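> show me how the following folds:
(one chain, ligands or ions: 1)
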Amino acid sequence: MPKVLIVEDEKVLLDLLTRHLQNEGYTVIGTTNGEEGLELARNEQPDLCILDVMLPGLDGLSLCRILRRESNMAIILLTARAGEIDRVIGLDSGADDYVVKPFSLPELTARIRAALRRLPRRSENILRAGDLQVDLLARRVFVGDREVRLSHKEFELLAVLMRNKGAVLSREFLISQVWGYDFDGDMRTVDVHIRWLREKIERDPSKPVHLQTVRGVGYRID
Ligand code: CA
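Numbers count the residues shown, from 1 in each chain. Sure, this is the predicted structure:
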């Protein structure tokens, strides 16, 4: 059965949702804390996360953006007030859906089922470009039969390029996708990581077959 992570600081609501979803047959893990939610998401790899927007510490929207960068899990936000909905939609949090409190349990269950139905199947998480193969869920990369080990950022960079295979992606776009919109470092960070990536995925990094530079524009995977 699908695994659901709930991050909700109202303990009563957390317990209620946990019991309800367990009765529905889901494996449920829960926490009242955003930081712990992030740790649980990374360690447990849930299929779906239910995140309360207003959390002390790491808030639901920030957590949502981090999770979206790192995985394909479905994300449903719980918002408390009408005013929050504008923020939820406006900030492009990467959530799949949102539910406004107070909500009924059947409504939430229906949203969960719908979000899980939209999840890509596992086979669709394996992307290929020539003899380069990237498993987005297992986070493994192969060149032919050889597995290559990438750092977290190198993998994220490669994943963004593979998801947009054939398209030229600008440094600005890659920075926003891999390092986040609040990154205030140097654009050359991208170039450095591209160089490291080439050393790992190209047979001859000076004559790249997969990872192309498009002068004055950006990078592309073919
Ligand atoms: Ca809350």
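
> just give the nearest non-adjacent residue to whichever residue of the chain sits closest to the ion, would you?
Relative to the ion, the nearest point of the chain is residue 54 (4.0 Å; CB to the ion). In short, each C-beta sits where N, CA and C put it, glycine included. In space, and not counting its chain neighbours, residue 54 is closest to residue 80: 5.8 Å by CB to CB, 6 or more residues apart in numbering.

> quick one, phi psi at that neighbour?
Main-chain torsions, residue 80, degrees, to the nearest 10: phi -90, psi -30.

> where in this structure is the helix or strand with the lowest mean pLDDT?
helix 82-90 (a mean of 65; mean pLDDT, DSSP states H and E).

> what's downstream of that helix, the next helix or strand?
Scanning forward in sequence from helix 82-90 by DSSP states H and E, the next helix or strand is strand 97-100.

> which neighbours does that next one have in its sheet, and in what orientation?
strand 74-79 (parallel) (DSSP bridges).

> hang on, residue 213 packs against residue 219?
Yes - with contacts counted by CB atoms under 8 Å, residue 213 reaches residue 219, the gap being 6.1 Å.

> now do the contacts for the residue lying closest to residue 136 once chain neighbours are set aside.
For residue 136, ignoring the flanking residues on the chain, the nearest one in space by CB to CB, 6+ apart is residue 125 at 4.3 Å. Residues near residue 125 by CB atoms under 8 Å, 6 or more residues apart in numbering: 72, 135, 136, 137.

> roughly how far apart are residue 125 and residue 71?
Distance of residue 125 to residue 71, computed by CB to CB, to the nearest Å: 10 Å.

> what's the answer for residue 1, then?
The value you get for residue 1 to residue 71, if CB to CB is used, is 19 Å.

> between the two, which has more neighbouring residues?
residue 71 (18 against 11; other CB atoms under 10 Å).

> for residue 36, give me the pLDDT.
If you check residue 36, the pLDDT there is 96.

> typo on my end, it should be residue 55
So, for residue 55, pLDDT stands at 92.

> could you number the chain from 470 rather than 1 from now on?
Got it, the first residue is 470 from now on, which makes the last one we talked about residue 524.

> quick check: it is in a helix.
No - using DSSP: H, G, I helix; E, B strand; the rest coil, the assignment for residue 524 is coil, not a helix.

> list phi and psi for residue 682.
Dihedral angles (degrees, to the nearest 10) for residue 682: phi -90, psi 130.

> could you count how many residues lie near it?
14.

> ok, now the one 5 residues further on?
Other residues within reach of residue 687 by the criterion other CB under 10 Å amount to 19.

> hmm, it is touching residue 636, no?
No - using CB under 8 Å as the test, residue 687 is too far from residue 636 to be in contact (9.3 Å).

> and the helix or strand that contains residue 538, what's buried?
Assigned by DSSP H and E, residue 538 falls within helix 529-539. Residues of helix 529-539 classed as buried by neighbour count (16 or more other CB atoms under 10 Å): 529, 530, 531, 532, 533, 534, 535, 536, 537, 538, 539.

> I appreciate the help and will end here.
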